[in-house]
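**Q** Below are the sequence and a predicted model for it; my questions follow.
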Amino acid sequence: MTKSSKTSAKPYRYLVFIGRFQPFHLGHKAVIDAALEKADEVIVLIGSANEPRSLRNPFTTKEREQMILDAYSTDNAKRIHCVALPDTLYNDTRWLKNVQTAVLSITDNLNDNIGIIGYLKDRSSYYLALFPHWGAESVANYQNLSATPLRKAYLLGQKSIDDLNDEPIPDSTKQFLTQFAKTNDFKTLNDEARFVEDYKRQWQTAPYPPIFATVDAVVVQSGHILLVERGGDLGKGQWALPGGFLNPNEALIDACLRELIEETQIKVSENELKQAYERQLTFDDPDRSPLGRVITQAFYFELASKEKGLPNIQGSDDAARAFWLPLAKLDSKKMFQDHLAIIQKLLGI
């Protein structure tokens, strides 16, 4: 469908619906159904786009688009525009810009009788308040549905294919989940889900939910950043910052240097690293780790450029390998959890 601003008898030319759809369920469909009643076209912004598979975001943007569009007739599907919306944790301004850019990919005019639609009394209500220049439509949360319990049970293998027939999901989602359960990607996620369940079981008798403290090192030299490839049970093969858990008897900076040296064997003295220290920030998104509430302190080190080049490194401990990556080659599809957002925040890029 071409970009236009035609006159319509409906209240809106476009209604915008933002969600992650992991997976797409009947609650999501109820919002799109309402949007189709009130707008000529619906722009569905699929959040957490362009990320590696994880327990929170197991399905790609294309797979979620397939679940959504296949739930509608051909005519209605033509009125629905699915657009990828990357996450920008710790930077609301960039996220708002990304929303505007996504909408502009469908219409050239941000004032083209646009509204935003979402659930009442959940996180979508926050979205509705961020766009005062657009109209706003609220929809009651259909049966108080949440994708989280379904996703968790499915990835743990607690829901058989037959069980999906009893779930509040469209046939398109049932068909997709049935096929996805046969893939190697599902097996990897199933292994991760079981690892997380076993990990959480160790803390189930604690009087209060534990809050974990970790550290991460952002080390940059000559336009390159030091990363590791994860080799453990969570996010195996993904790119991450060197880091780990704080020991009870150490300061944050000491924990950061310890983890950095253990995982990368970087040929730089602790004294030189401390001299390269620039700043540190706390990163505390509640959903940043499936292990529970994990708050990390990230330290930024800017090493001086040297004629002999980048320091020698070698992956060890929990890292399958360590490597220097040009900043221009940072790739959201390969980065572990919120580590790209941490890098962007600390480096201002």
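**A** Received, thanks.
**Q** all helices in this structure, in order from the N-terminus.
**A** For the chain, applying DSSP state H gives helices covering 26-38, 61-69, 74-77, 92-104, 123-129, 147-155, 171-180, 184-201, 252-264, 270-275, 339-347.
**Q** Turn those into TSV, including distance to Ala140 and mean pLDDT.
**A** Placement of C-beta: from N, CA and C, glycine included. Rendered in TSV, the data for the helices of the chain read as follows (distance: least, C-beta to C-beta, whole Å; pLDDT from 0 to 100):
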stretch	distance to Ala140	mean pLDDT
helix 26-38	8	96
helix 61-69	20	98
helix 74-77	21	97
helix 92-104	23	93
helix 123-129	11	65
helix 147-155	17	93
helix 171-180	21	95
helix 184-201	31	96
helix 252-264	45	96
helix 270-275	54	95
helix 339-347	32	97
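**Q** Mean neighbour count added to these, as TSV?
**A** As requested, the helices of the chain are exported to TSV (neighbours: other C-beta atoms under 10 Å):
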stretch	mean neighbour count
helix 26-38	19
helix 61-69	21
helix 74-77	10
helix 92-104	15
helix 123-129	14
helix 147-155	18
helix 171-180	17
helix 184-201	15
helix 252-264	21
helix 270-275	13
helix 339-347	21
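**Q** Mind checking those for the one nearest to Phe299?
**A** Using C-beta to C-beta as the criterion, the shortest distance between Phe299 and the helices of the chain is 4.8 Å, found for helix 252-264.
**Q** So which elements touch the closest one?
**A** strand 211-221, strand 224-230, strand 243-245, helix 270-275, strand 277-283, strand 293-303, strand 319-326 (3 or more C-beta pairs under 8 Å, 6 or more residues apart in numbering; DSSP states H and E).
**Q** out of the ones you listed, nearest to Leu257?
**A** Of those, the one closest to Leu257 (C-beta to C-beta) turns out to be helix 270-275, at 5.5 Å.
**Q** Take that closest one, keep the C-alpha atoms, and write them as CSV.
**A** Once side chains and other backbone atoms are set aside, the C-alpha atoms of helix 270-275 remain, and they are given as CSV (Å, rounded to 0.1, in the frame of the first residue of the first chain):
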residue,chain,number,x,y,z
GLU,A,270,45.8,-3.0,36.5
ASN,A,271,47.5,0.3,37.1
GLU,A,272,47.2,1.3,33.5
LEU,A,273,43.6,0.2,33.4
LYS,A,274,42.8,2.4,36.4
GLN,A,275,44.5,5.3,34.7
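**Q** Give me the contact list for it.
**A** Residues external to helix 270-275 that are found in contact with it (C-beta atoms under 8 Å, 6 or more residues apart in numbering): Val219, Ile253, Leu257, Leu260, Ile261, Ile266, Phe301, Leu303.
**Q** List the contacts of the fifth one.
**A** Contact criterion C-beta under 8 Å, 6+ apart gives Glu270 as the residues in contact with Ile261.
**Q** still on that earlier bit, kindly reformat the helices and strands packed on helix 252-264 as TSV containing distance to Leu36.
**A** Supplementary listing: the helices and strands packed on helix 252-264 in TSV, determined by distance: least, C-beta to C-beta, whole Å:
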stretch	distance to Leu36
strand 211-221	43
strand 224-230	42
strand 243-245	46
helix 270-275	57
strand 277-283	39
strand 293-303	39
strand 319-326	44
